[in-house]
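Chemist: Please find the sequence and the predicted model below.
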Amino acid sequence: MAQGIKRLGMPIAALFGLALVGLVGTSWFLNRDALQRAVEAQIRAVTGLELVVNGPIDVSVFPGSYVSFHNVGLKGADTIGPALQVDVLTANLRLLPLLLRRFEIADVMMLRPHIHVVRDGAGESNWTPFIQTIARTMKPGAENQVSFSEIRIQDGVLNYQDGTNNISEQLEDIDLSLAWPSISRSFAATGQFDWRGERVDGSISASDFVALLSGDRSGLKARIASAPLKLAFDGSVANRTSPMMEGTLTVDSPSLRNALRWTGQPQPGSGGFGRFALKARANVVGASIALTNVNVELDGNAAEGVMTYANNGRQTLQATLAADALDFTPYISTFRLLASGARDWNRQLFDLSSLSSTDLDMRLSAAKVTVGPSKLGRTAIGANLRNGTLALSVGEAQVYGGIAKGSFGIARSDTVADIKAQFQFTDVDLQACATELFGLNKLSGRGNINVSLLASGSSPFGLVQSLDGSATVTGHDGAIAGFNAEQLLKRLERRPLSGGGNFRNGSTPYTNLTIAVKFSDGVATADDIHVESPTAKITLTGTASVPSREYDLKGVASLTSASAGGNGFDLPFVVQGPWDDPLIFPDPESLIRRSPASAPLLDAVKDRKTRDAVRSVIERFTGGAARPAAAPDAAAGAPGNAPAASAENAKSN
């Protein structure tokens with residue numbers, strides 16, 4: 001057997017030797033000019049582009065069979081500038097046809113190509129002849145059947161220009177392989193490139209390359225992967241009168257904000273828009289995308305529904321989505337009405353640029369909604385953004401134990417925001433509602449709130465300075481924290497000058513509450529405030545400055561049941577100071593006049609200066625001064641002094 005193998009090996013070795021000698025001989029006697037012309041003709045037949053060689057030409061048959069053209073340009077017959085410039089274009093030849101003196105290209109490699117794509121207003125480009133030629137030569141039975149099936153690009157650059165849509169893009173460091181095997185109708189392209197500072201790994205494959213080039217339906221799979229964004233499509237594509245795609249679309253991004261910035265899209269606001277994922281059935285027609293069976297996730301919020309996106313000169317997004325739970329906190333976290341750590345309104349200017357970039361029409365429904373500290377139940381929300389005007393509508397929301405409805409609008413005028421808000425809260429928890437919406441934590445109970453407001457400004461402080469509108473509150477079975485009107489009135493009824501003590505303790509329960517306020521240029525005027533309980537009644541009028549967040553109110557507290565044998569007791573009082581910690585003190589003159597001992601004394605003092613001194617001393621004991629004295633007046637405590645004597649009389653009463 002060993003001898004047989006040796007006898008068989010000798011002829012095989014001789015055959016390979018003869019082939020080698022023939023190959024070397026072929027390389028010596030090969031007509032290199034004919035080889036060059038044949039290669040140029042095949043490239044022209046396959047691509048439809050004219051080959052313009054401006055540099056030297058290298059021809060090799062052994063050990064490698066190829067033709068290399070240096071400083072090459074390829075251009076259409078009807079174009080002036082080249083669509084493709086290549087530093088080195090190498091055409092590798094098939095070995096067997098070469099031995100038979102036929103020159104057939106196996107594949108093409110382009111080193112440092114510069115690809116220019118220019119699109120006109122009709123949708124045609126300078127590469128249209130190339131696409132038409134490829135489609136024609138690949139059809140079965142074509143006269144000039146395509147002769148090579150792969151093009152490799154190394155270290156390439158692509159420039160894209162679309163003057164109609166004012167688009168200019170550049171892809172750099174392109175390493176790409178395009179293959180359409182002659183034994184298959186498929187096409188595949190895989191590789192990497194740099195775009196806007198990010199390395200992108202992409203691939204695309206078509207099940208019927210001829211149909212794809214001809215505009216007929218073909219299966220299509222595409223994938224793009226980069227650090228900011230990953231995108232995949234699996235479906236079909238056609239391009240008869242306009243591009244059409246149908247299939248499954250998947251998008252994934254660790255930060256939607258970064259992905260929008262990378263793709264050159266406007267960024268909405270400054271909060272949220274982090275983790276993003278979308279999977280849907282996509283139907284693309286021209287510049288419009290319709291998504292059905294949508295599963296979308298953004299910042300931990302997951303929803304299902306339908307979406308439509310169009311870019312016909314202006315971007316438009318429409319969506320109808322439903323979710324179990326939505327959290328809007330990330331999107332309002334950067335918007336602060338109050339300055340950090342202060343009682344003053346925030347003076348930072350609004351950023352309204354995102355209102356003018358995209359049109360939006362969205363419907364959202366959720367079983368639970370979170371907006372900062374507010375927790376809402378089943379909620380239906382509508383959002384419409386068009387030409388810089390945003391309109392939000394709440395069809396119905398379960399909030400604060402009741403129901404809320406209303407609308408909120410923002411219209412942009414340069415850097416100024418025009419605000420319009422109308423809301424109705426029905427049977428809500430007044431303490432939770434007033435605390436979260438208005439920063440007032442003194443009110444409890446249940447009731448209704450109606451608000452209608454208008455404002456215009458470039459910051460929260462500017463808005464409150466121009467605030468106009470009205471607000472009404474009706475409540476029942478609650479309390480006002482900060483003072484106990486009933487206990488205070490009963491004590492002062494018995495001993496008017498007993499020393500009012502601390503007027504800011506306890507709470508005043510009520511059975512019915514009515515508040516009516518009108519706003520004008522940031523000042524709230526209260527014409528009708530009534531608080532009623534079985535034993536006391538309070539009425540208030542006055543103003544409250546919204547920009548300075550301070551009260552200036554006057555009222556009357558009354559006991560509804562007078563003591564035995566006496567008349568009803570009415571006590572005028574004043575409310576002044578900041579919203580979150582106001583000062584409440586009674587009118588001192590009314591207390592003095594109710595005291596049997598001090599009232600005649602006050603009337604007996606005719607001199608105004610002396611009368612004011614007496615009143616000042618009495619106010620110190622009643623606690624009625626708006627600003628309590630730091631220490632008693634030395635003169636007031638001197639023996640034999642008349643004011644001191646009056647104070648002693650006041651104490652006895």
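Modeler: Structure received.
Chemist: middle-most residue in the protein, spatially?
Modeler: residue 268 (3.9 Å; C-alpha atoms, centre = their mean).
Chemist: pLDDT value on that residue, please?
Modeler: Residue 268 is assigned a pLDDT of 75 by the prediction.
Chemist: I'd guess it is in a helix, am I close?
Modeler: No - going by DSSP: H, G, I helix; E, B strand; the rest coil, the assignment for residue 268 is coil, not a helix.
Chemist: Flag the shaky bits of the stretch 51-200 of the chain, pLDDT-wise.
Modeler: 62, 76-81, 96, 98-101, 123, 137-147, 181-184 (pLDDT under 70).
Chemist: Would you agree residue 489 is in contact with residue 572?
Modeler: No - under the criterion of C-beta atoms under 8 Å, residue 489 is not in contact with residue 572, lying 11.7 Å apart. C-beta here means a position set from N, CA and C on the backbone, and glycine is covered the same way.
Chemist: Which residue of these two possesses the greater neighbour count?
Modeler: A count of neighbours by other C-beta atoms under 10 Å puts residue 489 above the other of residue 489 and residue 572, at 24 against 14.
Chemist: What is the burial count for the closest residue to residue 58 other than its chain neighbours?
Modeler: Excluding the flanking residues, the one nearest residue 58 by C-beta to C-beta, 6 or more residues apart in numbering is residue 68, at 4.1 Å. Using other C-beta under 10 Å, residue 68 has 18 other residues around it.
Chemist: Surely residue 68 and residue 86 touch.
Modeler: No - using C-beta under 8 Å, residue 68 makes no contact with residue 86, being 10.4 Å away.
Chemist: how close does residue 158 get to residue 169?
Modeler: In this view, residue 158 and residue 169 are 8 Å apart by C-beta to C-beta, to the nearest Å.
Chemist: In terms of neighbours, single out the busier of those two.
Modeler: residue 158 (19 against 13).
Chemist: Run the chain-centre distance for whichever strand or helix holds that one.
Modeler: Per DSSP states H and E: residue 158 is located in strand 150-162. Offset of strand 150-162 from its chain centre (C-alpha atoms, centre = their mean, to the nearest Å): 35 Å.
Chemist: Would you mark the buried spots in it?
Modeler: Under the neighbour-count criterion of 16 or more other C-beta atoms under 10 Å, strand 150-162 has 150-154, 156-158, 161-162 buried.
Chemist: which of these lies closest to residue 453?
Modeler: The closest of these to residue 453 turns out to be residue 162 (C-beta to C-beta; 46.2 Å).
Chemist: Find the residue closest to that closest one in space, skipping its chain neighbours.
Modeler: Going by C-beta to C-beta, 6+ apart, residue 162 has residue 119 as its nearest residue, at 4.4 Å.
Chemist: how far away is the one you found from residue 166?
Modeler: For residue 119, the distance to residue 166 - C-beta to C-beta - is 11 Å.
Chemist: neighbour-wise, which of these two wins?
Modeler: Shown here are residue 119 and residue 166; by other C-beta under 10 Å, residue 119 has more neighbours (18 against 7).
Chemist: I figured the more buried one was touching residue 159, is that so?
Modeler: No - applying C-beta under 8 Å as the test, residue 119 and residue 159 come out as separate, 11.6 Å apart.
Chemist: and residue 66, what are its bridge partners?
Modeler: Residue 66 has these beta-bridge partners by DSSP bridges: residue 60, residue 92.
Chemist: Surely it is in contact with residue 91?
Modeler: Yes - contact status for residue 66 versus residue 91: in contact at 6.3 Å, counting by C-beta under 8 Å.
Chemist: Can you list the low-confidence ranges for the stretch 401-550 of the chain?
Modeler: 438-439, 492-505.
Chemist: can you pull out the helices in it?
Modeler: 430-438, 460-465, 485-494 (DSSP state H, counting those that start in this stretch).
Chemist: tell me the mean pLDDT for stretch 376-383?
Modeler: pLDDT averaged over stretch 376-383 gives 92.
Chemist: For the closest residue to residue 239 other than its chain neighbours, give me its contacts.
Modeler: With sequence-adjacent residues excluded and distances taken as C-beta to C-beta, 6+ apart, residue 239 is closest to residue 215, at 4.3 Å. Neighbouring residues of residue 215 by C-beta atoms under 8 Å, 6 or more residues apart in numbering: 238-240.
Chemist: pLDDT value on residue 215, please?
Modeler: 84.
Chemist: Please enumerate the strands of the stretch 451-600 of the chain.
Modeler: 468-481, 507-520, 523-532, 536-545, 550-559, 570-578, 583-586 (DSSP state E, counting those that start in this stretch).
Chemist: how about the ones you listed in CSV, adding distance to residue 95?
Modeler: Conversion of the strands of the stretch 451-600 of the chain to CSV gives the following (distance: least, C-beta to C-beta, whole Å):
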stretch, distance to residue 95
strand 468-481, 87
strand 507-520, 90
strand 523-532, 93
strand 536-545, 93
strand 550-559, 95
strand 570-578, 93
strand 583-586, 102
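Chemist: From the opening residue of stretch 284-293 to its closing one, how far?
Modeler: 15 Å (C-alpha to C-alpha, to the nearest Å).
Chemist: Can you flag the buried ones in the contacts of residue 215?
Modeler: Applying 16+ other C-beta under 10 Å to the contacts of residue 215 flags 238-239 as buried.
Chemist: Out of the contacts of residue 215, the closest to residue 179 would be?
Modeler: residue 239 (21.3 Å).
Chemist: From residue 223, how far out is the closest one?
Modeler: From residue 239 to residue 223 the distance is 20 Å (C-beta to C-beta).
Chemist: Around residue 331, how many other residues sit close by?
Modeler: Residues near residue 331, counting by other C-beta under 10 Å: 17.
Chemist: Can you list phi and psi of it for me?
Modeler: The phi/psi pair for residue 331 (degrees, to the nearest 10) reads phi -90, psi -10.
Chemist: residues touching residue 175, list them.
Modeler: So residue 175 contacts 153-156, 191-193 (C-beta under 8 Å, 6+ apart).
Chemist: Over to it: give its phi and psi.
Modeler: Given degrees, to the nearest 10, the pair of backbone angles that residue 175 has is phi -120, psi 110.
Chemist: Across the sheet, point out what pairs with it.
Modeler: residue 192.
Chemist: For residue 555, see how far away it is.
Modeler: With C-beta to C-beta as the criterion, residue 175 and residue 555 are 81 Å apart.
Chemist: Residue 454 now?
Modeler: Residue 454 is 28 Å from residue 555, by C-beta to C-beta.
Chemist: Same check on residue 508?
Modeler: 12 Å.
Chemist: Give me the common contacts of these two.
Modeler: Joint contacts of residue 508 and residue 555 (C-beta under 8 Å, 6+ apart) are residue 538.
Chemist: doesn't residue 206 make contact with residue 218?
Modeler: Yes - at 5.0 Å, residue 218 counts as touching residue 206 under the criterion of C-beta under 8 Å.
Chemist: Mutual contacts of those two, please.
Modeler: Common neighbours of residue 218 and residue 206 (C-beta under 8 Å, 6+ apart) are 212, 237.
Chemist: quick revisit: now the contacts of residue 175 in JSON lines, with distance to residue 108?
Modeler: Shown next, in JSON lines, are these (distance: C-beta to C-beta, whole Å):
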{"residue": "153", "distance to residue 108": "9"}
{"residue": "154", "distance to residue 108": "12"}
{"residue": "155", "distance to residue 108": "15"}
{"residue": "156", "distance to residue 108": "13"}
{"residue": "191", "distance to residue 108": "15"}
{"residue": "192", "distance to residue 108": "19"}
{"residue": "193", "distance to residue 108": "19"}
